[in-house]
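Novice: Build me a structure from this.
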Amino acid sequence: MARVSYEDRKLGTVQKLMSEGGSDGVLLAEHLGLSFDFIAVASPINQLIWQSRKEPAMAGQLGEWGDHEHAPISFFEDIDLRGDRLAILGLMRAAHGMSPDGAIAWIGRLGSRAVPLRPIAFSAAGKGAAPVNSCAATSVGKIRFLSDGRLLVLPGAEPGIFVYSLEGKLLQTFDTAALGLDLHCDFDEATRMRFGSDVRARLDYLNRFTTVEEVLPLDRGPALILRSAGSWGTRWRVVLLGEGGANHEIPLPITSSSPNSHLRGDVLGSRIVLLQSEWASESAPKAEVLEFGLEAEAPPPKARHR
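Specialist: Coordinates of the predicted model:
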C-alpha cells in the first residue's frame, strides 16, 4: 500500500504506507481507510490491520487471514475512517451461520489494540443477512463518512441508502429505486456458490443492473457514481443526493468500450480523483483527475487524463 503525490499532471515519488503480505501486512489488500490520524487496510476475508500515521508504533489488527473461527469480521465489503473512527460494512460469522443478528455495518474507535465494534446497521432480511451474503463477491456495498461526520451506509444488495449519526441514530434515508438501482440478490445457494468461484459469471450478472461504484463525500452532500454496462461498453453518471428526492445529475466525461470497466475514487474539495480499471484483466489502471463545479447548475466536469 503506497501513496504517490500528483501535481501538475505528474506522479511524484512513491511513499510506502503499509506492507502487503508477510507477518506485518495484509495478505490481500483490497479496502483502504485513511484519515489524518490513521490508516486501515482490509482483506476481503477476516483480516484488517491499522496503524497511527503520527505514531507508527501504535498499531493493531482485527482477525487473521486463515482464522475463520475467531475473526471479528468474516467478510469486509468496504471500510472508511474519520479521525480515529473506523466504519466497516460486511458480515460476521458465528458457529451456526452468517450474521446471526443480521448486522451488516459497525463502527469502532482505533487507539488500543482491541477495537470493540458496535453494530450500527442491520439487514432488512433479518438474521443471516441473506441478500448481502449472496452478493458478497460483487463489491456493490459502500460505507462512507460524509463531510459533516455522519455515516452513509449503502448495502447495495438491498434497497435503500441510510445516513446515521455516530451514535447509531438513523437520520436520513434515500430511495434506491428512484435512482434506478435495481440489483437483485435473492438467488439460491447454488447460484451464490457459482458466483463466488466463477468471476466471468459474476461480472456478467452484475452488468445486467445499474449499481453504485463509489460514494463521494462532497461538501454540499453525498454524491453517487452510478455505473451501467452492456455489450456497448460502460457508462457512468454522478448523482448528488438531495432532500426529498431533489437529486442533481452530472454526466461524467468518461466512457469505455469494455463492459468490464470500473471506477474507484475520492474527493478533496472540488477535486475528484478517479481510478479506472478493467476487472478480470491484466491491463494497468489509469487515473482521471476531474474538476467539479459545485454551483447549483454545475457544468459537466472536465477530465484531465494521465
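
Novice: Going by C-alpha atoms from here, please, whenever you check contacts or count neighbours.
Specialist: OK.

Novice: Neighbours of residue 148, how many?
Specialist: Residues near residue 148, counting by other C-alpha atoms under 10 Å, number 11.

Novice: All the strands of the stretch 151-300 of the chain, residue numbers only.
Specialist: With DSSP state E, counting those that start in this stretch as the criterion, the stretch 151-300 of the chain has strands at 151-154, 161-164, 170-174, 211-218, 221-230, 233-240, 248-256, 261-268, 271-278, 286-291.

Novice: Looking at the ones you listed, which is nearest to residue 76?
Specialist: Nearest of the strands of the stretch 151-300 of the chain to residue 76, taken as C-alpha to C-alpha: strand 151-154 at 13.6 Å.

Novice: pLDDT of that closest one, averaged?
Specialist: Mean pLDDT, computed over strand 151-154, is 97.

Novice: What is that strand packed up against?
Specialist: Packed against strand 151-154 by the contact rule (3 or more C-alpha pairs under 8 Å, 6 or more residues apart in numbering; DSSP states H and E) you find strand 142-145, strand 161-164.

Novice: From start to finish, how long is stretch 93-101 in a straight line?
Specialist: Start and end residues of stretch 93-101 are separated by 10 Å (C-alpha to C-alpha, to the nearest Å).

Novice: in that stretch, what's buried?
Specialist: Neighbour counts over stretch 93-101 (16 or more other C-alpha atoms under 10 Å) mark 93-94, 98-101 as buried.

Novice: Same question for stretch 252-265.
Specialist: For stretch 252-265, by 16+ other C-alpha under 10 Å, it's 252, 256, 259-263, 265.

Novice: list the contacts for residue 172?
Specialist: Neighbouring residues of residue 172 by C-alpha atoms under 8 Å, 6 or more residues apart in numbering: 162-164.

Novice: Please repeat the previous calculation with a cut-off of 6 Å.
Specialist: 162-163 (C-alpha atoms under 6 Å, 6 or more residues apart in numbering).

Novice: Could you check how far it is from residue 164?
Specialist: Relative to residue 164, and taking C-alpha to C-alpha, residue 172 is found at 7 Å.

Novice: where exactly do the strands run in the stretch 1-150 of the chain?
Specialist: 2-7, 10-16, 31-34, 38-42, 48-52, 59-62, 75-82, 85-91, 93-94, 97-98, 103-109, 117-122, 142-145.

Novice: Which one, of those strands, ends up nearest to residue 178?
Specialist: With C-alpha to C-alpha as the yardstick, what comes closest out of the strands of the stretch 1-150 of the chain is strand 142-145 (18.1 Å).

Novice: From residue 182, how far out is residue 205?
Specialist: For residue 205, the distance to residue 182 equals 12 Å [C-alpha to C-alpha].

Novice: between these two, which one's more packed in?
Specialist: residue 182 (17 against 14).

Novice: residue contacts, that one?
Specialist: Going by C-alpha under 6 Å, 6+ apart, residue 182 touches residue 209.

Novice: let's number from 21 now, not from 1
Specialist: Yep, numbering from 21; the last one is residue 202 now.

Novice: Which of the strands of the stretch 171-320 of the chain sits closest to residue 91?
Specialist: The closest of those to residue 91 is strand 171-174. By C-alpha to C-alpha, the value is 22.2 Å.

Novice: Which residues outside the closest one are in contact with it?
Specialist: Against strand 171-174 from outside (C-alpha under 6 Å, 6+ apart): 161-165, 181-184.

Novice: closest to residue 95 among the residues you listed?
Specialist: residue 161 (12.0 Å).

Novice: burial measure for the closest one, as a count.
Specialist: A total of 24 residues lie near residue 161 under the criterion other C-alpha under 10 Å.

Novice: Next one: it from residue 201, what distance?
Specialist: According to C-alpha to C-alpha, residue 161 and residue 201 sit 12 Å apart.

Novice: Please name the residues that touch the closest residue in space to residue 82 that isn't next to it in sequence.
Specialist: The spatial neighbour of residue 82 that comes closest, neighbours along the chain excluded (C-alpha to C-alpha, 6 or more residues apart in numbering), is residue 68 at 5.0 Å. Neighbour list for residue 68: 61-62, 81-82 [criterion: C-alpha under 6 Å, 6+ apart].

Novice: which residues does residue 68 form a beta bridge with?
Specialist: residue 62, residue 82 (DSSP bridges).

Novice: Would you mind measuring from it to residue 133?
Specialist: From residue 68 over to residue 133 the distance is 12 Å, taken as C-alpha to C-alpha.

Novice: swap in residue 96?
Specialist: Here residue 96 is placed at a distance of 19 Å from residue 133 (C-alpha to C-alpha).
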